[in-house]
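[1] Give me coordinates for this.
(one chain, ligands or ions: 1)
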Amino acid sequence: VIFDNSVLGSIAVANEIATLIREKQKTNSICVLGLATGSSPIKVYEELIRLHKEENLSFKNVVTFNLDEYFPMQHDDIQSYHYFMKEHLFKYIDILPENVHIPTGNCSLEESSVLCAQYEEKIKSMGGLDFQLLGIGRTAHIGFNEPGSHLNSTTRMVTLDHLTRSDAASSFLGMENVPKKAVTMGISTVLEAKRIVLLAWGQNKAEVVQETIEGDVTSKKPASYLQNHPNVTFVLDQEAASLL
Ligand code: GLP
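    Numbering: from 1, shown residues only. Here you go, the predicted structure:
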């Protein structure tokens, strides 16, 4: 779906999420959301906050699982995805703290593999993801599933691609400060979501959007795996869609 601009696209996506949350509330069910970081979802979160403040949207029945986190990374570090989620969404809404899940980068390598398996189990124990929000990196990564990621991959430690680290360099004040590793939900974790919406805005994403939608399904472009999901929508602005 192509919108004139990212604001209109973000409002439409926030409305879809709000509708899902409200539908689940009618049957006293939990709503399990997979959430993303990066600049792409920021306006979606702003609109969800507005809906909470002005239109009575409650998040008390919402359980969230974030896609990824840098490794190593302290939770209160301003570059962490823990900090990002708190500052861009969680501190403004009525979600219960125990319902928020974000992979941790604040542990040893050995602990991480146990925690990754537990993360995967926790998602399953909640009945799986009802809705997964995604951005896309210029390597066609989703979460931090870089080129080479296997279709069957689950939550795990990964090594970041050079391009991904260089795209993150400005927020870390230099490439040398960008962690070399991250913890991410796997391709299989993402593809098991009942509904997936990928956001891409701006000319910078036009090439990877074109490759992902029109190219072959290949581990070299992990987002291309989405072509085989039964309920996925790419929400684009005019610039991101300009090479389609
Ligand atoms: C990071 C995140 C991804 C995100 C990507 C694109 O690599 N791990 O989940 O999709 O950045 O970020 P942006 O939305 O800022 O372009």
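
[2] going forward, measure contacts between C-alpha atoms and count neighbours the same way
    OK.

[3] secondary structure class for Ile123?
    When classified by DSSP: H, G, I helix; E, B strand; the rest coil, Ile123 comes out as helix.

[4] Same check on Leu198?
    Under three-state DSSP, Leu198 comes out as strand.

[5] so what's it bridging to?
    Counting by DSSP bridges, Leu198 is bridged to Leu134, Phe234.

[6] One more: Asn66?
    Here Asn66, judged by DSSP bridges, has bridge partners Leu35.

[7] And for it, the neighbour number?
    22 (other Cα atoms under 10 Å).

[8] Quick check, it in contact with Asn99.
    No - using Cα atoms under 8 Å, Asn66 is not in contact with Asn99; the gap is 11.3 Å.

[9] quick one: least confident helix or strand in the protein?
    The helix or strand of the chain with the poorest confidence is helix 162-168; it has a mean of 95 (mean pLDDT, DSSP states H and E).

[10] what's the following helix or strand after that one?
    Proceeding C-terminally, helix 162-168 gives way to strand 181-184 as the next helix or strand, assigned by DSSP states H and E.

[11] tell me, which helix in the protein spans the most residues?
    helix 6-26 (DSSP state H).

[12] If we go by neighbour counts, what in that one is buried?
    6, 9-15, 17-18, 20-22, 24-25 (16 or more other Cα atoms under 10 Å).

[13] returning to that earlier point: could you check how far the least confident helix or strand of the chain is from the centre of its chain?
    How far helix 162-168 lies from its chain's middle: 17 Å, per Cα atoms, centre = their mean, to the nearest Å.

[14] now do stretch 99-109
    The mean C-alpha position of stretch 99-109 is separated from the chain mean by 15 Å, Cα atoms, centre = their mean.

[15] Kindly report the same for stretch 87-100.
    The answer for stretch 87-100 is 16 Å, by Cα atoms, centre = their mean.

[16] So which residue is dead centre in this structure?
    The centroid of the chain falls nearest to Ala36 when counting by Cα atoms, centre = their mean (2.3 Å).

[17] which stretches of the protein form helices?
    Using DSSP H, helices in the chain cover 6-26, 42-54, 81-88, 109-125, 162-168, 187-191, 206-214.

[18] Tell me if I'm right that the residue nearest to the centre of the chain and Leu133 touch.
    Yes - between Ala36 and Leu133 there is a contact at 5.9 Å, judged by Cα under 8 Å.

[19] How about Ala223: what's its closest non-neighbour residue?
    Residue nearest to Ala223 in three dimensions, not counting chain neighbours: Ala140, with 5.3 Å by Cα to Cα, 6 or more residues apart in numbering.

[20] next one: Gly148
    Excluding the flanking residues, the one nearest Gly148 by Cα to Cα, 6+ apart is Ser219, at 5.0 Å.

[21] how much space between the nearest residue to Asp94 once chain neighbours are set aside and Cys31?
    Of all residues not flanking Asp94 in the chain, Phe59 sits nearest, at 5.5 Å (Cα to Cα, 6+ apart). Using Cα to Cα, to the nearest Å, Phe59 is found at 9 Å from Cys31.

[22] Please identify which of these two sits among more neighbours.
    The residue with more neighbours, out of Phe59 and Cys31, is Cys31; 25 against 21, by other Cα under 10 Å.

[23] Show me which residues of the protein are close to the ligand?
    Residues of the chain that fall close to the ligand, judged by Cα under 6 Å from any ligand atom: 36-40, 134-137, 142-144.
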